[in-house]
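> With the input below, show me the fold.
(one chain, ligands or ions: 1)
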Amino acid sequence: MNRLYKVLLILTAAIATPVGLAAKSAFFGDPPDNHHPWAVHDHNRPLPPVVTPAANIAQPPSDAIVLFDGTEVSFHENWRHNRPADEREQNWIVIEGALQSMRGAGKLSSRAELGDFQLHIEWRSPTEIVGQGQGRGNSGVFFMGSMVEVQVLDNYKNPTYADGMAGAVYGIMPPAVNALRPSGEWQSYDIIFRRPIARDGVILDHGSLTVLLNGVVVQDNTPLEGGSGHKKRKPLDRIFPELGALMLQDHGNPVRFRNIWYRPLRPRAIDGGTDGQLTEDSTFTKRCEIAEELRQHAQSLEGLQKALRLLESLKYEENTDARAEADKLITLYVAKLKKIAPLEMEAEKNQVLSLDEALQYMQRYKLIPNDYPISSFVNDLAIQQGWKANK
Ligand code: MG
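Sure, this is the predicted structure:
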């Protein structure tokens, strides 16, 4: 990335802050309500951060956390054996840029503890076809320790039970289709894991897995049903931890893994985030936060600009002081307007139109009274000057 581009990215990020730039259309979409702290098309809503996608979509984008890049260093930095050294017959190995499961090595755990995340992982069953059914190329990607498994299996032309096929949420849901490549070829998983959320022992969200196998959706928001079990169902109210390791299974077959990376997902509304519909309480808290930022920003402005910023803050939260100050500043501005000679009025065009837009909006949504006296004066002035149509 060249330097100029980096500077542009930083500038873009700075502009994205809620109060970094006076919004052009602050008075535009439907205002905040009880479940939406932001207006529709709200310029104060933080912009998503810039992420640079990789040239090849299998490669990690700029914000991914890489768990295995093909090197010994990355293996030792990011993974540990579950079984103590004196209890395992072998260790997992790095071979030809891949991490290989070895019989008797036991499961491998990520050192990182993960919550909700997007995962990319590629795997390959042995090129020499050995065994059948669940005994061929079996491994697995486990979430939150061993709470739930997305099965890894070479079931290409190798029938087995449906909820144990590659792409199955093991013991819970078969893959929608069998999109495997032939035995011994690299396969890819792109997985979105949403953990179950419990509070005070009550499950509020049962969690889900979305899985793409070789780019084909095989699990679409599949509920976790308490997690995976071999032969037995888990209780639906099984409590998952908040964070847990990603684990790779040793099922006795030398399955290889490569190109493993993840991206944490933004917190859901149920988990204190703003992804999804918020409760009235958390919406109110967020609206007050946004209003406070706008009032703070208004302090760095003067005159009409300050008044507009204060008016804008009233969309999010009523505040007597902010309203009084906005009224005072608008009154002063209008008094100044009334003294301007007609020939010099053109210089005020943008200011007047901004004020008119704001007042019309605030009236439409009953944020200022319908008989707000200045409103009709500003509207009439804009029409007389030919700056807006007389509707
Ligand atoms: Mg398995």
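> Can you get me a residue count around the residue of the stretch 51-200 of the chain found nearest the ion?
Closest contact between the stretch 51-200 of the chain and the ion, by Cβ to the ion, is at G140 (3.3 Å). Placement of C-beta: from N, CA and C, glycine included. Using other Cβ atoms under 10 Å, G140 has 25 neighbouring residues.
> SS state for it?
Classification of G140 by DSSP: H, G, I helix; E, B strand; the rest coil places it in strand.
> Quick check: beta-bridge partners of it?
Listed by DSSP bridges, the beta-bridge partners for G140 are Q151.
> List the residues that contact it.
Neighbouring residues of G140 by Cβ atoms under 8 Å, 6 or more residues apart in numbering: E149, V150, Q151, V152, Y170, L248, Q249, H251.
> So what's the residue count around the residue nearest to L236 when sequence neighbours are not counted?
Once flanking residues are discounted, L236 sits nearest to G226: 4.8 Å by Cβ to Cβ, 6 or more residues apart in numbering. By the criterion of other Cβ under 10 Å, G226 has 21 neighbours.
> Verify the contact between G226 and G207 for me.
No - the pair G226 / G207 is not scored as a contact, 9.4 Å apart, by Cβ atoms under 8 Å.
> what's in contact with stretch 95-111?
Contacts for stretch 95-111 (Cβ under 8 Å, 6+ apart): 67-68, 70-71, 75, 77-83, 87-94, 124, 139, 142, 145-146, 245-258, 260.
> since we're on G70, how many residues are nearby?
Counted with other Cβ under 10 Å, the neighbours of G70 add up to 16.
> which SSE is it in?
Counting by DSSP states H and E, no helix or strand carries G70.
> Spell out which residues of the stretch 151-300 of the chain are next to the ion.
Q249 (Cβ under 5 Å from the ion).
> Mind doing that once more with 8 Å?
Selection of the stretch 151-300 of the chain residues close to the ion by Cβ under 8 Å from the ion yields Q151, V152, L153, G164, Y170, Q249, H251.
> residues in contact with the fifth one?
Pointing back at Y170 there. G140, V148, E149, V150, Q151, D163, G164, S228, H230.
> State the phi and psi torsions of the residue positioned nearest the centre of the chain.
By Cα atoms, centre = their mean, the mean C-alpha position of the chain lies nearest to R266, the distance being 3.6 Å. Dihedral pair for R266: phi -70, psi 150, per degrees, to the nearest 10.
> How about it, nearest residue that isn't a chain neighbour?
Nearest one to R266, counting by Cβ to Cβ, 6+ apart, is D275 at 4.8 Å.
> Hmm, that neighbour is touching D205, no?
No - between D275 and D205 there is no contact under Cβ under 8 Å: 12.0 Å.
> the helices in this structure, which residues?
Taking DSSP state H as the criterion, the chain carries its helices at 3-15, 72-78, 280-298, 303-313, 320-338, 349-364, 373-384.
> buried set for stretch 358-378?
A358, L359, Y361, M362, Q363, L367, I368, Y372, I374, S375, V378 (16 or more other Cβ atoms under 10 Å).
> beta partners of H120?
Bridge pairing for H120 - DSSP bridges - gives D190, W261.
> For it, list the residues it contacts.
A58, P60, A64, S188, Y189, D190, I191, N259, I260, W261, Y262.
> Could you find the closest non-adjacent residue to the fifth one?
Take Y189 and drop its neighbours on the chain: the residue closest to it by Cβ to Cβ, 6+ apart is I121, 5.1 Å away.
> again with the fourth one
Using Cβ to Cβ, 6+ apart and skipping the chain neighbours, the partner closest in space to S188 is E122 (4.8 Å).
> what about the one you found, neighbour count?
18.
> Then R124?
R124, neighbours per other Cβ under 10 Å, totals 21.
> Can you show me the strands along the stretch 151-300 of the chain?
186-194, 197-199, 202-205, 208-213, 216-223, 244-248, 256-264 (DSSP state E, counting those that start in this stretch).
> Show me what the first one is packed against.
Using 3 or more Cβ pairs under 8 Å, 6 or more residues apart in numbering; DSSP states H and E as the contact test, the elements touching strand 186-194 are strand 117-124, strand 139-143, strand 208-213.
> Need these in a markdown table (columns: mean pLDDT and distance to K157).
Output for the helices and strands packed on strand 186-194, formatted as a markdown table (pLDDT from 0 to 100; distance: least, Cβ to Cβ, whole Å):
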| stretch | mean pLDDT | distance to K157 |
| --- | --- | --- |
| strand 117-124 | 98 | 16 |
| strand 139-143 | 98 | 19 |
| strand 208-213 | 98 | 16 |
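> I'd like these as CSV, with distance to R238 appended.
Listed next are the helices and strands packed on strand 186-194 as CSV, based on distance: least, Cβ to Cβ, whole Å:
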stretch, distance to R238
strand 117-124, 20
strand 139-143, 13
strand 208-213, 15
